[in-house]
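>>> Build the 3D model from these lines:
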Amino acid sequence: VPFYVTSATLPTATLADVSDILQLHSPRLIFRSNDRPTIAIAVHQMQNAMSNFHDLDFLIPKDIVETGKAPPKFLVFFNDWKEVEMAAKHLQSLLPDHLRVRLKHFHSVMSETYHKKEFETFGSGDTYGLCVTDSFGMGLDLPDIEIVIQWRAPCNINTLWQHFGRAA
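Residues are numbered from 1 along each chain as shown. Sure thing, here's the model as predicted:
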């Protein structure tokens, strides 16, 4: 029985485990570089206290009302669902009242119905950005995410690469 297994970030040890579990004998492996000229990784020093989320203010253009131009589609990953909610509230406060519904938060404590609805509105462009936990990144395939941010260091490097892999 043929198997087709894909991953953008599968480490060698995990790949060996997958091969063992699926009993793949002499699998044919295809490796492609994840070096993309349109994707840049940057680290920025925090300028403000982490508790106030002001270092994320750049995501919301100051002239959004005057220009009517939507911000680039973005995801901000957090390690804790409480931080997700606080950061989303902060970013919403930078938007005029009528646009606040276009910035949401998403984490595993929410219902499956909410997850499905928010994934769809984000995919359609009705939502500018999301503050999320790992639960959003699972099975995600959206081609137009321009900015991905990891707030605080994640538990491990594989998680970080999974998050960065959400950018298209």
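>>> Quick check: closest non-adjacent residue to residue 50.
residue 152 (7.2 Å; Cβ to Cβ, 6 or more residues apart in numbering). Where you see a C-beta, it was placed from the backbone N, CA and C, and this is true even at glycine.
>>> Just the pLDDT for residue 165.
For residue 165, the pLDDT comes out at 61.
>>> in the protein, which spans are helices?
Assigned by DSSP state H, the helices in the chain fall at 12-21, 64-67, 81-93, 112-124, 134-137, 157-164.
>>> JSON lines please, covering those helices and showing mean neighbour count.
Shown next, in JSON lines, are the helices of the chain (neighbours: other Cβ atoms under 10 Å):
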{"stretch": "helix 12-21", "mean neighbour count": "11"}
{"stretch": "helix 64-67", "mean neighbour count": "11"}
{"stretch": "helix 81-93", "mean neighbour count": "18"}
{"stretch": "helix 112-124", "mean neighbour count": "14"}
{"stretch": "helix 134-137", "mean neighbour count": "18"}
{"stretch": "helix 157-164", "mean neighbour count": "16"}
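>>> closest to residue 46 out of these?
Nearest to residue 46 among the helices of the chain is helix 81-93 (13.5 Å), distances taken as Cβ to Cβ.
>>> quick one: contacts of that closest one?
52-54, 56-57, 59-60, 76, 78, 100, 103-109, 129-133, 151 (Cβ atoms under 8 Å, 6 or more residues apart in numbering).
>>> Save the helices of the chain as TSV, and put in distance to residue 44 too.
Formatted as TSV, the helices of the chain follow (distance: least, Cβ to Cβ, whole Å):
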stretch	distance to residue 44
helix 12-21	30
helix 64-67	22
helix 81-93	16
helix 112-124	24
helix 134-137	21
helix 157-164	14
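>>> worst average pLDDT in those helices?
helix 157-164 (a mean of 64).
>>> re the thing from before, who are the neighbours in contact with the residue nearest to residue 50?
When contacts are counted by Cβ under 8 Å, 6+ apart, residue 152 touches 50, 78-79.
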